[in-house]
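Q: sequence first, then the predicted structure, then my questions.
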Amino acid sequence: MGDPVGGILGCAHKKNDQCVGVRITNNVVSTVEPSDVDTFGYSVMGHECGNYQDIVFRDNVAHSIHGYGAIIFKNESDKGADYFNCIEASYFTAYKCSKVGIVSNQAVNNVIFSNMILIDNGISAIASIGIEGDLQTSNMNNIKFYGETEVKDCKV
């Protein structure tokens, strides 16, 4: 992936970039237009699995993004062993995103998406594992998926 274009880009995806103390909460990103590279509402770090106290990315909304609502990646500057084993994104809403509401494809053993509402996206969620093996898991917990709605407040 090249450098993405987006509404809020929480940290670069490049190896050895340091992103300490970045918190993205209570935002709405809407109508990000397409570009020559990947287009995101948010490009942000996930949090340690099961840790809902250390807020990294929470209570954000992506609306009418011509591309991806959010891409979740691991924080290379977090050296915790559990973090490299599992990343999670939670408490997020995406609607009317033309490609995917939320996506992750990281070199971790476990990816979890939890407590989300995904409405009328091209594809609602892709929680992919970026490594091969027999012990990897991808989980979606407490996710509400809705198909096309009657609301015509925006076009993607």
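A: Yes, it's here. Numbers count the residues shown, from 1 in each chain.

Q: now the helix or strand where residue 88 lies, how far from the centre of its chain.
A: Per DSSP states H and E: residue 88 is located in strand 86-95. When distances are taken as Cα atoms, centre = their mean, to the nearest Å, strand 86-95 is centred 6 Å away from the chain's centroid.

Q: state the mean pLDDT of that strand.
A: Average pLDDT, strand 86-95: 93.

Q: that one pairs with which strands, parallel or anti?
A: In the sheet containing strand 86-95, its partner strands are strand 47-48 (antiparallel), strand 60-63 (parallel), strand 110-119 (parallel), by DSSP bridges.

Q: continuing past the longest one, what's the next helix or strand?
A: With elements assigned by DSSP H and E, the helix or strand that comes after strand 110-119 is strand 123-129.

Q: what lines up beside that following strand in the sheet?
A: Sheet pairing for strand 123-129, using DSSP bridges, gives strand 100-106 (parallel).

Q: what comes up buried for stretch 95-109?
A: Residues of stretch 95-109 classed as buried: 95-106, 108-109 (neighbour count, 16 or more other Cβ atoms under 10 Å). From N, CA and C alone the C-beta is placed, and that goes for glycine too.
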